[in-house]
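[1] kindly generate the corresponding structure for this input.
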Amino acid sequence: MDREKCEDRRRIGSVKAAVNMYGDMILDENSSLKKPQEGFPEPSPRVKEFHRARRSLNRYKESRKTAESELFGSRGTVNDPASMAEESNLEAKRNAFVAKSRSVESYQYEEVMRELELVKQDLSQLKLDMASVMEEKARAKKEFEDSNSRMKSNGASVEALKEHIEAAKEEHVLVELAQIEAQKEAGEIEAQKEKEAGEFSFWIEETKKKREDMIEEIDHSKELEKKLGATLSDISLLQDELKQVKGLDSVVPRGDEDGLKQQDDSFHSVEKVEPSAFLESIKKELEAAKKELDSIKDEGFQYMSSMDIIRNELQHVKEETSKLKKTEEKADSKVKSLNTKLVRAKSKLEAVTAAEEKAKSIETNLSLTLEQSRAEADASKKEKMLITDDIATIKAEIQKTESEIDITEERLQAAMQELEAVKSSEALALEKLRSLIETTMQSRASASNHSSTMTVSRFEYEYLTGHAVGAEEIADKKVAAAQAWIEALKASEREILMKTETAHRELRELRVEEENDVSLSAKENVDSPNGQLPLIRVRSMKSNGNSTPSRRAKHRKSASPAIQESGSTSFTIKTKRKSMPNLTTFLNGKKVDKDE
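    Numbering: from 1, shown residues only. This next block holds a predicted model:
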């Protein structure tokens, strides 16, 4: 009978252990349902070992309590007949404990259902986040395409500006060549003009000298003409006198000739001598005067011909001067046209230089814009790659979460079925236990009438004494190790929280710096001159304040309270996984010692 009671108690303990085990499994599954939001890890082996140690400790404590209560009850029934009342009280307490355990199981079931609802809500939130991530991906792709189109348009504008600059440079070279040729032509025209002016001035001086000489000769000829007129008048007077003398000779009478013949012999001789010499001299003078007159006439004719020549030359000089004036006017007009061309060329050159400087500034701005757009395109490519990686990880996590949710639901259904089976088996075991207790109490009551002691089997005694004490010590050690591990885990979580806070602070500082850079660039674009093109900036997701989906997935708070308390990322879970095997090896070693 005692052995049957011990077996029944062992069965009751196994049933309670099964209930506790399934309850702890449900708690483990709840913890596994809470953790997917942090990175979807599998349940940690150290956590499982900790729960197993706690279950074994509770199991051993309950078995010890039941054994002590049974032993105390059996001793009471042997020592005192009033132990039946205590046994009934113990049974009532046991029934109350069973009812309490059932209420705890129902509460755990409700808690599991609530956690399942929270997991479903988290899954829906994750799906919404996935949709937002896809929208952000589409927007980033669209921005990337816009940036590519802007890069292409900027490249086309840069090529057009380069062609325009090359054409302007060619025009500038042509203008410089035309300017050099115009300067050469102007120099040649000035030299020719100076040469012609010198020749003309020399020719005018020569003509002036010739004119003065001719005027002097004309004056000399006039003086000679005057002398010739005086000599001709003298000659005419002499001729008149000769005629008068000849007339006197013919008029004198012959009678008087005899009377006066003697008087006039001397006179006639004198007169004959004097008129003959005088006439000779006059003739000579006349001949000389005739010769001189002929020569003067010849010279006069020569002077007249020279005057005609001089007139013709003067006319030719006038024509030449008019031609030179015309050529000078043409040269002046040509110089004026060249000056106007030079002024136009200078203005065009200034315009070309201004356009070239403007084109250079535009080219520098476009090159800066192109480099910036390339950098932003590279950043957008990297961000797109990060987004695709985050999307892939999120998809994998979603699939993993869905699979874990399915597995958890299957486990929950199986656990519920097993729980129902355990409840039914527990009810049967309780009924059997009641019947066994009644039979045992009756047998022990009948045996107590014959002896004052109660017999207990050695196996039950050893199980209740030694094994319970060893299990309690092992459980205490495991609890101490688990508490130490929990403290280390809390310290690592605090360190990780500090790291995340510093990372958030650095992220905020980076965002503030990016906003300051954007504001400064906007101010520079506003303050830039009208001739320069504004810098084209591609809008980045970071500058707009939209963080990447990976950050959102990492820092997103779940609706589950357990996850809200932790607040750690997938990195913390990885560190937990790295630090867990030590405790599992320790607990496994303890289990090996226990088995030995």
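[2] separation between the closest residue to residue 409 other than its chain neighbours and residue 422?
    What sits nearest to residue 409 in space, not counting adjacent residues and going by Cβ to Cβ, 6 or more residues apart in numbering, is residue 116, at 7.5 Å. C-beta here means a position set from N, CA and C on the backbone, and glycine is covered the same way. Distance of residue 116 to residue 422, given as Cβ to Cβ, to the nearest Å: 21 Å.
[3] try residue 289
    Distance from residue 289 to residue 422, counting by Cβ to Cβ: 185 Å.
[4] what's the answer for residue 349, then?
    Here the criterion is Cβ to Cβ. By it, residue 349 lies 103 Å from residue 422.
[5] those two: which has the busier surroundings?
    Neighbours per residue (other Cβ atoms under 10 Å) separate residue 349 from residue 422, with residue 422 holding more: 19 against 16.
[6] check which helix or strand covers that one.
    Assigned by DSSP states H and E, residue 422 belongs to helix 263-448.
[7] again, but for residue 234
    Using DSSP H and E, residue 234 falls within helix 83-251.
[8] what's that helix packed up against?
    Using 3 or more Cβ pairs under 8 Å, 6 or more residues apart in numbering; DSSP states H and E, the elements in contact with helix 83-251 are helix 2-34, helix 45-79, helix 263-448, helix 549-555.
[9] for those helices, which has the smallest mean pLDDT value?
    Looking at the helices and strands packed on helix 83-251, the lowest mean pLDDT belongs to helix 549-555 (a mean of 40).
[10] could you dump stretch 212-232 to PDB, C-alpha only?
    Below are the C-alpha coordinates for stretch 212-232, written out as PDB (Å, rounded to 0.1, in the frame of the first residue of the first chain):
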ATOM      1  CA  GLU A 212      59.200 132.400-107.800                       C
ATOM      2  CA  ASP A 213      62.000 131.900-110.400                       C
ATOM      3  CA  MET A 214      59.500 132.400-113.200                       C
ATOM      4  CA  ILE A 215      58.100 135.500-111.500                       C
ATOM      5  CA  GLU A 216      61.600 136.900-111.200                       C
ATOM      6  CA  GLU A 217      62.200 136.100-114.900                       C
ATOM      7  CA  ILE A 218      58.900 137.700-115.800                       C
ATOM      8  CA  ASP A 219      59.900 140.800-113.800                       C
ATOM      9  CA  HIS A 220      63.300 140.800-115.400                       C
ATOM     10  CA  SER A 221      61.600 140.500-118.900                       C
ATOM     11  CA  LYS A 222      59.300 143.300-117.900                       C
ATOM     12  CA  GLU A 223      62.300 145.500-117.000                       C
ATOM     13  CA  LEU A 224      64.000 144.500-120.300                       C
ATOM     14  CA  GLU A 225      60.800 145.400-122.200                       C
ATOM     15  CA  LYS A 226      60.800 148.700-120.400                       C
ATOM     16  CA  LYS A 227      64.400 149.200-121.400                       C
ATOM     17  CA  LEU A 228      63.600 148.000-124.900                       C
ATOM     18  CA  GLY A 229      60.700 150.500-125.100                       C
ATOM     19  CA  ALA A 230      63.100 153.300-123.900                       C
ATOM     20  CA  THR A 231      65.700 152.300-126.500                       C
ATOM     21  CA  LEU A 232      63.000 152.100-129.200                       C
END
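[11] list the buried residues in it.
    Across stretch 212-232, burial judged by 16 or more other Cβ atoms under 10 Å covers 217, 221, 224, 228, 231.
[12] residues contacting the fourth one?
    Neighbour list for residue 228: 289, 292, 293, 296 [criterion: Cβ atoms under 8 Å, 6 or more residues apart in numbering].
[13] next, count neighbours for residue 295.
    For residue 295, using other Cβ under 10 Å, the count is 12.
[14] tell me how far it lies from residue 335.
    Noted for residue 295: a distance of 55 Å to residue 335, by Cβ to Cβ.
[15] quick one on the thing from earlier: mind putting the contacts of residue 228 into a markdown table with neighbour count?
    Shown next, in a markdown table, are those (neighbours: other Cβ atoms under 10 Å):
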| residue | neighbour count |
| --- | --- |
| 289 | 19 |
| 292 | 16 |
| 293 | 19 |
| 296 | 18 |
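[16] can I get those in a markdown table including distance to residue 306?
    What follows is those, written out as a markdown table (distance: Cβ to Cβ, whole Å):
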| residue | distance to residue 306 |
| --- | --- |
| 289 | 24 |
| 292 | 19 |
| 293 | 19 |
| 296 | 14 |
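[17] could you give the angle of the helix holding residue 422 to helix 83-251?
    Relative orientation of helix 263-448 and helix 83-251, computed by axes from the mean of the first three to the mean of the last three Cα atoms, to 10 degrees: 180 degrees.
[18] heads up, I number from 57, so please use that
    From this message on, residue numbering opens at 57, which makes the last subject helix 319-504.
[19] how many neighbouring residues does the closest residue to residue 267 other than its chain neighbours have?
    Closest residue to residue 267 apart from its sequence neighbours, by Cβ to Cβ, 6+ apart: residue 366 at 6.7 Å. By the measure other Cβ under 10 Å, the count of residues near residue 366 is 18.
[20] Provide a list of residues in contact with residue 366.
    Taking Cβ under 8 Å, 6+ apart, we find residue 366 in contact with 266, 267, 270.
[21] can you tell me, leaving aside adjacent residues, what's nearest to the first one?
    It refers to residue 266. residue 366 (6.7 Å).
[22] before we move on, what about the last one?
    For residue 270, the nearest residue in space outside its immediate sequence neighbours is residue 366; the separation is 5.8 Å by Cβ to Cβ, 6+ apart.
[23] how much space between residue 412 and residue 231?
    Applying Cβ to Cβ to residue 412 and residue 231 gives a distance of 12 Å.
[24] okay but the residue nearest to residue 465 is in contact with residue 468, surely?
    Yes: judged on Cβ atoms under 8 Å, residue 172 makes contact with residue 468 at a distance of 7.3 Å.
[25] tell me which of the two has more neighbours.
    residue 468 (22 against 17).
[26] next, count neighbours for residue 557.
    Counted by other Cβ under 10 Å, the residues lying close to residue 557 total 10.
[27] OK, contacts around it?
    So residue 557 contacts nothing (Cβ under 8 Å, 6+ apart).
[28] let me know the helix or strand that it is in.
    Element membership for residue 557 (DSSP H and E) is helix 524-583.
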